[in-house]
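In: return atomic coordinates for the entry below.
(one chain, ligands or ions: 1)
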Amino acid sequence: MEKIKISAVSYTNTKPFIYGIQHSPVLEQIDLSLDIPSDCAKKLIENQVDIGLIPVAAIPFVPNAQIISSFCIGSIGAVNSVFIFSDVPVQEIKSVKLDPQSRTSNNLAKVLLKNHFKVGVEFTIDQYAKTDAIVLIGDRTFGRKEDFNYVYDMGQEWMQFTGLPFMYAAWVANKPVSEAFLEEFDIALAKGIANIPTVITQLPAIDGIDISDYLLHKLNFELTEEKLQAKDIFLKLISQLD
Ligand SMILES: C=C(O[C@@H]1C=C(C(=O)O)C=C[C@H]1O)C(=O)O
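Out: Sure thing, here's the model as predicted:
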């Protein structure tokens, strides 16, 4: 039988899911690659994989996109790995450098700066540009908070703006996948989430981040009605950006 090709995020936030997949029989049916989020999206959009853990901002660009799991990468308030790092207070930000590995958080920064902070800002993807602030996500944020005068956790700011949790990435298929597989896959993901304490013991300590607090209390992996509602609001606000 041909294997189901899956692209998942290569960051620490996805380690629980990887643990669950690797400790479940469904592993044998999967051809798994670990990629930066923007590449997870690209692979699913270009049909190089069947399922991706992809940035929610990329969902509208996936042909026949279907969210196929009851798990996601989310947070209820602060997430501690999705930031606007700034040299100046947010009201004074004039320019922001985006993170090339991100699709969701770059758009979240745009949405929050426009609708929540109400500042008009120029964005650039030029990594050599000198800007007032930067968007940074994932493991590259670990230990970086001390390097900046102002630190805005976008999970926390989204909660203040909408009163809702947030969903950064979802498991999405670009074609019909058998119910039997999806059931087994979700059981594997659930196993990973149930075993986060074990996953933590297998990860190296990293300066500047409490990995245990991050995986157990900041990230929140259940795909709830509220997170779906947040996704719909977020995608609508993205469509209204100029
Ligand atoms: C919480 C995070 O969620 C993520 C943010 C993403 C994005 O901004 O496009 C995509 C996948 C997730 O890795 C993070 O990376 O820190």
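In: the most centrally placed residue in the chain: what secondary structure?
Out: The centre of the chain sits closest to Tyr168, judged by C-alpha atoms, centre = their mean, with a distance of 3.6 Å. At Tyr168 the chain is in strand, as set by DSSP: H, G, I helix; E, B strand; the rest coil.
In: Asn107 is in contact with that one, correct?
Out: No: Tyr168 is beyond contact range of Asn107, at 10.6 Å (criterion: C-beta atoms under 8 Å). Where you see a C-beta, it was placed from the backbone N, CA and C, and this is true even at glycine.
In: using the three-state scheme, assign Ser33.
Out: strand.
In: neighbours of it, how many?
Out: 16 (other C-beta atoms under 10 Å).
In: please begin residue numbering at 28 from this point
Out: Sure, I'll start counting at 28 from here, so that last one is Ser60.
In: ok, it to the ligand distance?
Out: Using C-beta to the nearest ligand atom, to the nearest Å, one gets 15 Å for the distance from Ser60 to the ligand.
In: can you pull the phi/psi pair for the closest residue to that residue other than its chain neighbours?
Out: Among residues not flanking Ser60 along the chain, Ser34 sits closest, at 5.1 Å (C-beta to C-beta, 6 or more residues apart in numbering). Ser34 adopts backbone torsions of phi -110, psi 120, taken as degrees, to the nearest 10.
In: contacting residues around Ser34?
Out: 59-62, 66-67, 70-71, 75-76, 78-81 (C-beta atoms under 8 Å, 6 or more residues apart in numbering).
In: confidence score at Met28?
Out: Listed pLDDT for Met28 reads 74.
In: name the nearest residue to it, sequence neighbours excluded.
Out: Nearest one to Met28, counting by C-beta to C-beta, 6+ apart, is Gln56 at 7.2 Å.
In: try Pro87
Out: That would be Leu262: by C-beta to C-beta, 6+ apart, it lies 6.5 Å from Pro87.
In: look at the one you found and say how many residues are nearby.
Out: Quick note: Leu262 (other C-beta under 10 Å) scores 15 neighbours.
In: what's around the closest residue to Gln93 other than its chain neighbours, how many residues?
Out: Spatial nearest neighbour of Gln93, excluding adjacent residues (C-beta to C-beta, 6+ apart): Ala200 at 5.0 Å. Using other C-beta under 10 Å, Ala200 has 22 other residues around it.
In: list the contacts for Ala200?
Out: Applying C-beta under 8 Å, 6+ apart, the residues near Ala200 are Asp77, Ile78, Asn91, Ala92, Gln93, Ile95.
In: Produce a PyMOL select command limited to the buried residues of the contacts of Ser34.
Out: Remark: buried members of the contacts of Ser34, expressed as a PyMOL selection using 16 or more other C-beta atoms under 10 Å:
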select buried, resi 59+60+62+66+67+70+71+76+78+79+80+81
